[in-house]
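S.K.: Next come a sequence and a model predicted from it.
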Amino acid sequence: MLVLGAWPLLWFWLLSRHGGLSWHYFVTGGQLIADVGDKDGGLHLYATRPDLQFGPLSVLVAAALLMLGNTAALFVAQVVTALAGLLILLTVRTLARDAHRHVTREVLDRRVLLAAIPFVPVWMNLAVRFVHIDDMLALLLTTGAIFALRRRLPYAAALLLGLSVDAKPWAIPFVALLLLVEHRDRLRCLGLWAVTVAVAWLPFLAADPRTINAGGFQIPVDPSSSLALFGLGGMGTPVWTRAVQVVGGTLLAALAIRRRRWAGVVLLVVLARIVIDPGAHSYYAAGVVVGAAMWDLVGTTRRLPWWTLTSALAFFAFRWVPQPDWGHGVITIAFFAAAVWWIALRPADDVTPGGRWIIRLPSQDPVKALTCLGP
């Protein structure tokens, strides 16, 4: 706990001196949502500013923080986002204890500490240097949803997964986690998820139908992105990108659950987004290390968190190593392919003890238990 306290403080201090690089987007969104009398504000927010690529929940959180004043709001956002990363890590630790009851507390805490060492600087880059509260909310709420499933609270999980989409639309594929709910409750959970998403987004669509165009907002394809390897560098975002990210991420998540490797869902969904994203920002690595830590600690029994370490190197540390633009794209594709094979495609009979973990949810028949779509 001493290391987990001192290590984040060190990185907070290092990165806060030039922090808040993306905070201006949230300032703009928070100010516009509060200005309901302006034709460019209120529910017209996404129609007039499609570059604000985050959901209404993130906008409302930013607006609430701005009531403290811009300087104080930035600092509080940095602190809260930093603490959210530690909360995610501690939640994963709890999930790991449930998944590996045969592992002693000392061994588990050692594994958590080893995962925290590469996890913290990557997360602090998101939390302090860029301050993306939208990605923080999406990852925190999704982790909370998985915890709710473990605690036999499927409707709470559906609500949290819906709120994650309200924070950041790329979180849509996490809805596949509701496949872990017993069949008779699954449709109700999916309905609650859909209502939660609709309540946040439909008012904007009803007030200004141009809101739908925000989903097709074009950004240039970064030369170091995976898309640039296929000759798309310098072009705008391909029209099919967002749809493929959602569909591909959902299918991979469902396949991982089918293979009884639900602990790898977060990693697969984040990588499915990154591998065909026109951007190649360093803060994307935060989602990768969250998914990698969950897979390392919950889905495997290895003493060393290899996925967390290699993801921190591949998506964060190597960005400061001199290399050609296409180098980062190659690393992204290779890491994505390795994760897809290891988590989603490997035969189901080769499953780690953590992957065989059964989530039991409420059922009208107390004898029946949910077993991740497997026997």
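M.R.: It's in.
S.K.: Count the residues that sit near Pro203.
M.R.: Look at Pro203: counted by other CB atoms under 10 Å, it has 14 neighbours. Where C-beta positions appear, they are placed from N, C-alpha and C, glycine not excepted.
S.K.: An error on my part: the question was meant for Leu313.
M.R.: By other CB under 10 Å, 16 other residues sit near Leu313.
S.K.: Buried residues, the helix or strand containing it. List them.
M.R.: Per DSSP states H and E: Leu313 is located in helix 306-315. By neighbour count on 16 or more other CB atoms under 10 Å, the buried set for helix 306-315 is Trp307, Thr308, Leu309, Thr310, Ser311, Ala312, Leu313, Ala314, Phe315.
S.K.: Now for the third one: which residues touch it?
M.R.: Meaning Leu309. Contact analysis of Leu309 by CB atoms under 8 Å, 6 or more residues apart in numbering lists Pro118.
S.K.: Can you tell me how far it is from Gln323?
M.R.: Distance of Leu309 to Gln323, given as CB to CB, to the nearest Å: 19 Å.
S.K.: Flag the shaky bits of the chain, pLDDT-wise.
M.R.: Applying pLDDT under 70 to the chain picks out residues 37-38, 234, 348-375.
S.K.: Give me the most central residue, it.
M.R.: Closest to where the C-alpha atoms of the chain average out (CA atoms, centre = their mean) is Leu139, at 3.7 Å.
S.K.: If you drop the residues flanking it in sequence, what lies closest to it?
M.R.: Of all residues not flanking Leu139 in the chain, Val290 sits nearest, at 5.1 Å (CB to CB, 6 or more residues apart in numbering).
S.K.: before we move on, what SS does Gly20 have?
M.R.: At Gly20 the chain is in coil, as set by DSSP: H, G, I helix; E, B strand; the rest coil.
S.K.: could you list every residue that touches it?
M.R.: Gly20 makes contact with Leu74, Gln78, Arg129, Phe130, Val131, according to CB under 8 Å, 6+ apart.
S.K.: and those as TSV, adding distance to Ile343, neighbour count and secondary structure?
M.R.: Shown next, in TSV, are those (distance: CB to CB, whole Å; neighbours: other CB atoms under 10 Å; DSSP: H, G, I helix; E, B strand; the rest coil):
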residue	distance to Ile343	neighbour count	secondary structure
Leu74	37	21	helix
Gln78	32	23	helix
Arg129	29	21	helix
Phe130	27	23	helix
Val131	30	29	coil
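S.K.: For Pro223, state which of these is nearest.
M.R.: Relative to Pro223, the closest of these is Phe130; by CB to CB it sits at 19.9 Å.
S.K.: Tell me who's in contact with that closest one.
M.R.: Contacts of Phe130 (CB under 8 Å, 6+ apart): Gly19, Gly20, Leu21, Ser22, His281, Ser282, Tyr283.
S.K.: Show me where the protein has its strands.
M.R.: Counting by DSSP state E, the chain yields no residue ranges for strands.
S.K.: in it, which spans are helices?
M.R.: For the chain, the helices defined by DSSP state H occupy 2-16, 23-34, 45-48, 56-66, 70-99, 105-124, 133-150, 154-167, 183-207, 241-258, 265-274, 285-294, 306-315, 325-339.
S.K.: quick check: angle from the last one to helix 306-315?
M.R.: Counting by axes from the mean of the first three to the mean of the last three CA atoms, to 10 degrees, helix 325-339 lies at 160 degrees to helix 306-315.
S.K.: Return the alpha-carbon coordinates of helix 325-339 using PDB.
M.R.: The C-alpha coordinates for helix 325-339 follow below in PDB (Å, rounded to 0.1, in the frame of the first residue of the first chain):
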ATOM      1  CA  ASP A 325       5.700   6.200 -38.200                       C
ATOM      2  CA  TRP A 326       4.600   2.800 -39.300                       C
ATOM      3  CA  GLY A 327       6.300   1.100 -36.300                       C
ATOM      4  CA  HIS A 328       3.500   2.000 -33.900                       C
ATOM      5  CA  GLY A 329       0.900   0.700 -36.300                       C
ATOM      6  CA  VAL A 330       2.700  -2.600 -36.600                       C
ATOM      7  CA  ILE A 331       3.000  -3.000 -32.800                       C
ATOM      8  CA  THR A 332      -0.700  -2.300 -32.500                       C
ATOM      9  CA  ILE A 333      -1.800  -4.900 -35.100                       C
ATOM     10  CA  ALA A 334       0.600  -7.500 -33.600                       C
ATOM     11  CA  PHE A 335      -0.600  -7.000 -30.100                       C
ATOM     12  CA  PHE A 336      -4.300  -7.100 -31.200                       C
ATOM     13  CA  ALA A 337      -3.700 -10.300 -33.100                       C
ATOM     14  CA  ALA A 338      -2.000 -11.900 -30.100                       C
ATOM     15  CA  ALA A 339      -4.800 -10.900 -27.800                       C
END
